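Q: next input, structure requested:
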Amino acid sequence: MAASKDGLYLGLISGTSADGIDAALVRFANGQPALVAGITHPWDEALRRRILAVAQDEVRLDLDEYGRLDVAVANAFADAAQAVLATAGVAARDVTAIGSHGQTIRHRPVGDLPFTLQIGDPSVIAERTGIDTVADFRRADVAAGGQGAPLVPAFHATVLRPERGARVVLNLGGIANVTRLSADGHVTGFDTGPANGLMDAWCLRHRGEAFDRDGRFAASGHVDDELLAQLLDDPYFALPPPKSTGREHFHLAWLDMHPRVADLSPEDVQSTLLVLSAHSVADAIALHAADAIDVVACGGGVHNTALMQAIASRLEGRPLHVSSAFGIDPDGMEAMAFAWLAYRRLRGEPGNLPAVTGANGLRLLGAMYAAPSS
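A: Model (predicted):
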């Protein structure tokens, strides 16, 4: 039987939108998580732009620049960890471990040499915080033939499993992913395609703003059916799960290669991108979770009123909730999940679900980076 390892853990993640570093301090008691404190720590804007340029394949890094970016991201993650500890009034010595997802800059789980790459040197995080750090969660799953993503469905099953029937948990980050949970414990999940990432990038290009607050930019335009059809024709949407994607596929260069974009106003493109996200999410749920009785949303996209309304209108009568209705902060869900994955790692328990990622079996995820002993 695994040792308890109950106590305080700290989860850190910056998603594909790189809109902030989510930090969650979580207490585990008898295996059950409870959020103690959660924050979104802002990126330095210049560093955020560097990250996005790399993730969208707009710039190439030489090895020196890669190394510097790896450390710069780690320092930002350490700052986020220290900020949430200060918010909670908790000392570093009272935290068992940090689970750091890092910042994904490339995700290529399919091909002759599949890989996934997250930066944010965990040795720097452990040194700066004085807390043992577990990191590099995705590569063991990829090495086992899996997608390495999504990893959060296993945590969804811990905190949102329905008492009857089936439920969908919808994460609206830069990329959208869905988890189908059933009362009998069966879990599936996959990335559906873009959620906020394309809209954020388009908004930054045309408005100089990092995101479309409440979807107002999108609401000021009109959906172009021709462009929408072209975007939905991307082969990714027709792929069967398991599947995962990221900003290295759905980015502005991908959008710009559709000639119709040049003929439209920026607001009409934004409106079309919003419907692309809603349409692809709803289609995925209808095709792969048709028996779901409700949908529970989390992630930054829950704050985009227009996006939530567009999704709700396409769910064929299923109610769309926000995870806060179940006592879970929608902005803290993923950070809590990586605290939970660190907890699993210290207990010697697998963190992946082969039914979700397609891996050849259960795998222990993450590597330990020890804090200085004195």
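Q: let me see the ranges of the helices in this protein.
A: 45-55, 63-88, 122-129, 139-143, 153-160, 197-207, 216-219, 225-232, 235-238, 252-256, 266-288, 305-312, 333-346, 354-357 (DSSP state H).
Q: list the buried residues in the last one.
A: For helix 354-357, burial by neighbour count (16 or more other CB atoms under 10 Å) applies to 354, 356-357. From N, CA and C alone the C-beta is placed, and that goes for glycine too.
Q: would JSON lines of those with pLDDT and distance to residue 292 be doable?
A: Listed next are the buried residues of helix 354-357 as JSON lines, based on pLDDT from 0 to 100; distance: CB to CB, whole Å:
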{"residue": "354", "pLDDT": "97", "distance to residue 292": "22"}
{"residue": "356", "pLDDT": "97", "distance to residue 292": "16"}
{"residue": "357", "pLDDT": "97", "distance to residue 292": "20"}
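Q: so residue 52 makes contact with residue 205?
A: No - using CB atoms under 8 Å as the test, residue 52 is too far from residue 205 to be in contact (11.1 Å).
Q: more neighbours: which of those two?
A: The residue with more neighbours, out of residue 52 and residue 205, is residue 52; 26 against 14, by other CB atoms under 10 Å.
Q: contacting residues for that one?
A: 18, 58, 201, 247 (CB atoms under 8 Å, 6 or more residues apart in numbering).
Q: skipping its backbone neighbours, what lies nearest the third one in space?
A: Which is residue 201. Spatial nearest neighbour of residue 201, excluding adjacent residues (CB to CB, 6 or more residues apart in numbering): residue 252 at 5.0 Å.
Q: that neighbour: neighbouring residues, count only.
A: Using other CB under 10 Å, residue 252 is surrounded by 18 other residues.
Q: check what pLDDT the spatially closest residue to residue 99 that is not a sequence neighbour gets.
A: In space, residue 99 comes closest to residue 342 once its chain neighbours are excluded; the distance is 3.0 Å by CB to CB, 6+ apart. Residue 342 carries a pLDDT value of 98.
Q: pull out the buried positions in stretch 185-198.
A: Using 16+ other CB under 10 Å as the test for burial, stretch 185-198 gives 187-198.
Q: now tabulate those in a markdown table and tack on distance to residue 42.
A: Listed next are the buried residues of stretch 185-198 as a markdown table, based on distance: CB to CB, whole Å:
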| residue | distance to residue 42 |
| --- | --- |
| 187 | 33 |
| 188 | 35 |
| 189 | 29 |
| 190 | 30 |
| 191 | 26 |
| 192 | 28 |
| 193 | 27 |
| 194 | 23 |
| 195 | 20 |
| 196 | 16 |
| 197 | 18 |
| 198 | 22 |
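Q: got these as a markdown table, with distance to residue 363 and pLDDT columns?
A: Below are the buried residues of stretch 185-198 laid out as a markdown table (distance: CB to CB, whole Å; pLDDT from 0 to 100):
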| residue | distance to residue 363 | pLDDT |
| --- | --- | --- |
| 187 | 16 | 97 |
| 188 | 18 | 97 |
| 189 | 16 | 97 |
| 190 | 18 | 98 |
| 191 | 19 | 97 |
| 192 | 24 | 98 |
| 193 | 26 | 98 |
| 194 | 28 | 97 |
| 195 | 27 | 97 |
| 196 | 29 | 96 |
| 197 | 28 | 94 |
| 198 | 32 | 96 |
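Q: residue 281: which of those is nearest?
A: residue 192 (5.2 Å; CB to CB).
Q: ok, now which ones touch the closest one?
A: 175-178, 237, 280-281, 283-284.
Q: distance check, it against residue 178.
A: 6 Å (CB to CB, to the nearest Å).
Q: shared neighbours, the two?
A: Counting by CB under 8 Å, 6+ apart, the residues touching both residue 192 and residue 178 are 281, 284.
Q: now residue 54: how far from residue 76?
A: Residue 54 is 15 Å from residue 76, by CB to CB.
Q: and residue 227, by the same measure?
A: With distances taken as CB to CB, residue 227 is found 36 Å from residue 76.
Q: about what we covered before: the residue nearest to residue 201 touches residue 205, doesn't it?
A: Yes - here residue 252 lies in contact with residue 205, judged by CB under 8 Å, at a distance of 6.8 Å.
Q: which strand is the longest one in this protein?
A: Counting by DSSP state E, the longest strand found in the chain is strand 95-108.
Q: tell me the mean pLDDT for that one?
A: Strand 95-108 comes out at a mean pLDDT of 97.
Q: helix 122-129 and that one, what's the angle between them?
A: 150 degrees (axes from the mean of the first three to the mean of the last three CA atoms, to 10 degrees).
Q: neighbours around the spatially closest residue to residue 305 that is not a sequence neighbour, how many?
A: Nearest residue to residue 305 in three dimensions, chain neighbours excluded: residue 214, at 4.7 Å (CB to CB, 6+ apart). Residue 214 is flanked by 14 other residues according to other CB under 10 Å.
Q: my read is that residue 214 contacts residue 302, right?
A: No - between residue 214 and residue 302 no contact is recorded; they are 11.4 Å apart, counting by CB under 8 Å.
Q: let me see the contact set for the closest residue to residue 203 other than its chain neighbours.
A: If the residues on either side of it in the chain are set aside, residue 203 comes closest to residue 212, at 4.6 Å by CB to CB, 6+ apart. Taking CB under 8 Å, 6+ apart as the criterion, residue 212 is in contact with 199-200, 203, 218, 270, 274, 304.
Q: run the last query once more with 7 Å
A: Applying CB atoms under 7 Å, 6 or more residues apart in numbering to residue 212 gives the contacts 199, 203, 218, 270, 304.
Q: relative to residue 199, how far out is it?
A: 5 Å.
Q: identify the contacts common to these two.
A: With CB under 7 Å, 6+ apart as the test, residue 212 and residue 199 both reach 218, 270.
Q: quick check: bridge partners of residue 191?
A: Under DSSP bridges, the beta-bridge partners of residue 191 are residue 177.
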